[in-house]
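Engineer: need coordinates for the following:
(4 chains)
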Number of protein chains: 2
Amino acid sequence: MSGTETYDPSKYPPIAVTVDIVLLTIIQDSLAALLIRRGAEPFKDSYALPGGFVQPDETLAAAAARELEEETGARGMHLEQLGTYGDPGRDPRMRVVSVAYLALIPNPPEVVGGSDATSAEWSPVASFLDSTLPETPSLLAFDHSRILRDGVDRARGKLEYTGLATAFCPDEFTVGELRRVYEIVWGVDLDARNFHRKVTGTLGFLEPTGEMTTRGGGRPAQLFRQGPTQSLNPPILRPSPTVI
Amino acid sequence: MSGTETYDPSKYPPIAVTVDIVLLTIIQDSLAALLIRRGAEPFKDSYALPGGFVQPDETLAAAAARELEEETGARGMHLEQLGTYGDPGRDPRMRVVSVAYLALIPNPPEVVGGSDATSAEWSPVASFLDSTLPETPSLLAFDHSRILRDGVDRARGKLEYTGLATAFCPDEFTVGELRRVYEIVWGVDLDARNFHRKVTGTLGFLEPTGEMTTRGGGRPAQLFRQGPTQSLNPPILRPSPTVI
DNA sequence: GCAAAAGTGTTCGGTGTACACCCATGC
DNA sequence: GCATGGGTGTACACCGAACACTTTTGC
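Structural biologist: Below is the predicted model of the structure:
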């Protein structure tokens, strides 16, 4: 009845708290996510998002970063909270509330694990999002398909009005490489000339390093670093995907 | 080490899971939040967001809706997940992970509680957001100031590209009333003529009821209902707040 | 009549879009 | 030369900002 009593923390219901991570990167011109092949029931042999219990003395973000480092060895990549998933029954063993995080890492990413009981691999996200594709494992364990989709949606949306795309690029990158990130994540074609004007014209968004590169062929291109401006106003408009 | 072992749910760390709710409404041309005066330690006599434990058999959203109904008697308002706050030490008694929800309710809202041990009241959010104002309780209990600020930020942002503003309006409303929501939540002045053209010109955003009203004085205005289109593209641009 | 709010029409400037065109490299 | 990608210039359409103007009520 009273709010005070319900806050007595000595008799809280038994609920486990975990983190799950949607780690995205770009491999071979495709958006890919890190997935773990489960070695035990439930959902044995299914794929699942990497994750684990939150330890008593670490923040939620620290738990996500720790799990990421355990699986990939990588640190310091972009990491943001995505949402929390806690429906009763989402884990058949007990009530588990999972705080999902979205992480992005530039390519080429580390190749991970292998001969362990649980092996991690990069999988193109298209097979898990587009239900019309009859790919091998079209569903993930637990509610992880939903979490993965939410993560991809978040990444796609934030490209429009933030500098998030640079999280897919190495420290120094060309405008063309940045544009390719947008094209791959959104699944559209962008006009290279207008895109160039847009991102170089937004003051503070890109910082020229002064260096040039000729990787990728063609005329040498300027190298840029991420600038201080992380909000893109006006946003980069996402064309409707090229359908049918 | 292995991901499988860390998922064994029989030995999860003891963490309590709660929901906290940022319930916003508009009172007397100001954005206001529902706050609870705490009757017990810690933070006795401080204000806090309404909330409570998640019960074993309810979803997170259901827990938020239940707490809301307990405090206000209201049901069916807009309710969305805001984020999860779980830093160690945010509650001095034990480790508590709290899933925050954002709720919006049209005015005039119910007057709540009063003579109980815990009393609920509506407070203008300005005093908790603008640190230059020396209002009475400039800080909330726990990390609730941060949560409240995040909730207000979320509401402000979503007005731009969604129909969220209608959640502050009764079922039927005029274009002028909708505009006043934007002006109050954003703290700006909008051009009534351009706003009118914008919202009535976006197909599916507003549905005319056919009725007219003259409440508010002046020429009678059409009454509208929320239409099926909940995404606003192009968005309503938020002018930079009228400062200095 | 006057005030107040609802709507409509119009002008102007900025910006996204499409595309022609030139530049600099590797082969 | 030719292909490839980098980068600039330009014309057009569209849209938001500003604001003049008309409409319809209450007092």
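
Engineer: helices or strands next to the helix ranked longest in chain A in the packing?
Structural biologist: Secondary structure of chain A per DSSP state H: the longest helix is helix A:144-161. When contacts are defined as 3 or more C-beta pairs under 8 Å, 6 or more residues apart in numbering or on different chains; DSSP states H and E, helix A:144-161 sits against strand A:16-27, strand A:30-37, strand A:78-85, strand A:96-104, helix A:126-129, helix A:175-186. In this view, the C-beta of every residue, glycine as well, is placed from N, C-alpha and C.

Engineer: the second one vs helix A:175-186, what angle?
Structural biologist: Looking back up the chat, that one is strand A:30-37. The directions of strand A:30-37 and helix A:175-186 differ by 60 degrees, with axes from the mean of the first three to the mean of the last three C-alpha atoms, to 10 degrees as the criterion.

Engineer: direction included, what does the helix or strand that strand A:30-37 is followed by pair against?
Structural biologist: Downstream of strand A:30-37, the next assigned helix or strand under DSSP states H and E is strand A:47-48. Take DSSP bridges as the rule and strand A:47-48 pairs in its sheet with strand A:30-37 (antiparallel).

Engineer: who's in contact with the strand it pairs with?
Structural biologist: Under the criterion C-beta atoms under 8 Å, 6 or more residues apart in numbering or on different chains, residues A:21-26, A:45-50, A:71-72, A:112, A:118-126, A:128, A:140, A:148, A:151-152, A:184-185, B:3 lie in contact with strand A:30-37.

Engineer: in that strand, what's buried?
Structural biologist: Under the neighbour-count criterion of 16 or more other C-beta atoms under 10 Å in any protein chain shown, strand A:30-37 has A:Leu31, A:Ala32, A:Ala33, A:Leu34, A:Leu35, A:Ile36, A:Arg37 buried.

Engineer: relative to helix A:144-161, how tilted is it?
Structural biologist: Using the same axes, to 10 degrees: strand A:30-37 against helix A:144-161 is 150 degrees.

Engineer: export strand A:30-37 to CSV, keeping only CA atoms.
Structural biologist: This file holds the C-alpha atoms of strand A:30-37, laid out as CSV (Å, rounded to 0.1, in the frame of the first residue of the first chain):
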residue,chain,number,x,y,z
SER,A,30,27.9,-6.3,-44.5
LEU,A,31,26.7,-5.4,-41.0
ALA,A,32,27.7,-8.2,-38.7
ALA,A,33,27.0,-9.1,-35.0
LEU,A,34,29.0,-11.1,-32.6
LEU,A,35,27.1,-14.3,-31.6
ILE,A,36,27.9,-17.1,-29.1
ARG,A,37,27.1,-20.7,-29.9
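
Engineer: could you pull up the mean pLDDT of that strand?
Structural biologist: Average pLDDT, strand A:30-37: 94.

Engineer: the bottom helix or strand of chain A by mean pLDDT?
Structural biologist: None of the helices or strands of chain A scores lower by mean pLDDT, DSSP states H and E than helix A:3-6, at a mean of 48.

Engineer: A:Ile236 belongs to a helix, doesn't it?
Structural biologist: No - counting by DSSP: H, G, I helix; E, B strand; the rest coil, A:Ile236 is located in no helix; its state is coil.

Engineer: next, the contact list for it, please.
Structural biologist: By C-beta under 8 Å, 6+ apart, A:Ile236 lies in contact with A:Leu159, A:Glu160, A:Tyr161, A:Tyr182, A:Phe195, A:Lys198, A:Val199.

Engineer: what of A:Leu129?
Structural biologist: A:Leu129 touches A:Leu148, A:Arg149, A:Val152, counting by C-beta under 8 Å, 6+ apart.

Engineer: follow-up on the earlier one: in ChimeraX, how would I select the buried members of the contacts of strand A:30-37?
Structural biologist: Entered in ChimeraX, the line below selects the buried ones among those, by 16+ other C-beta under 10 Å:
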select /A:21,22,23,24,25,26,46,47,48,49,50,71,72,112,118,120,122,123,124,125,128,140,148,151,152,184,185 /B:3
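
Engineer: picking up where we left off before, can you list the buried residues of strand A:30-37 in JSON lines and add distance to A:Leu190?
Structural biologist: Listed next are the buried residues of strand A:30-37 as JSON lines, based on distance: C-beta to C-beta, whole Å:
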{"residue": "A:Leu31", "distance to A:Leu190": "16"}
{"residue": "A:Ala32", "distance to A:Leu190": "21"}
{"residue": "A:Ala33", "distance to A:Leu190": "23"}
{"residue": "A:Leu34", "distance to A:Leu190": "27"}
{"residue": "A:Leu35", "distance to A:Leu190": "29"}
{"residue": "A:Ile36", "distance to A:Leu190": "34"}
{"residue": "A:Arg37", "distance to A:Leu190": "35"}
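
Engineer: tell me which of the residues you listed is nearest to B:Ile15?
Structural biologist: A:Ile36 (22.7 Å; C-beta to C-beta).

Engineer: bridged to the closest one, which residues?
Structural biologist: Beta bridges link A:Ile36 to A:Ala48, A:Ala120, judged by DSSP bridges.

Engineer: just to revisit the earlier point, in the longest helix of chain A, what counts as buried?
Structural biologist: Using 16+ other C-beta under 10 Å as the test for burial, helix A:144-161 gives A:144-145, A:147-148, A:150-152, A:154-156, A:158-161.

Engineer: how about those residues in CSV, adding pLDDT?
Structural biologist: As requested, the buried residues of helix A:144-161 are arranged in CSV below (pLDDT from 0 to 100):
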residue, pLDDT
A:His144, 96
A:Ser145, 95
A:Ile147, 98
A:Leu148, 97
A:Asp150, 98
A:Gly151, 98
A:Val152, 98
A:Arg154, 97
A:Ala155, 98
A:Arg156, 96
A:Lys158, 96
A:Leu159, 96
A:Glu160, 93
A:Tyr161, 92
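
Engineer: show me the domain layout of chain A.
Structural biologist: Split into domains by automatic domain parsing, chain A comes to A:13-159, A:167-226.

Engineer: distance from the longest one to the middle of the chain?
Structural biologist: Its chain's C-alpha centre lies 9 Å from the corresponding centre of domain A:13-159 when counted by C-alpha atoms, centre = their mean, to the nearest Å.

Engineer: related to what we said a few turns ago, ok, of the contacts of A:Leu129, which one's closest to DNA strand D?
Structural biologist: Set against DNA strand D, the nearest of these by C-beta to the nearest atom of the strand is A:Val152 (25.4 Å).

Engineer: show me what contacts that closest one?
Structural biologist: Listed by C-beta under 8 Å, 6+ apart, the contact partners of A:Val152 are A:Val22, A:Leu24, A:Leu31, A:Ala33, A:Val125, A:Leu129.

Engineer: at 7 Å instead, please
Structural biologist: Residues near A:Val152 by C-beta atoms under 7 Å, 6 or more residues apart in numbering or on different chains: A:Val125, A:Leu129.
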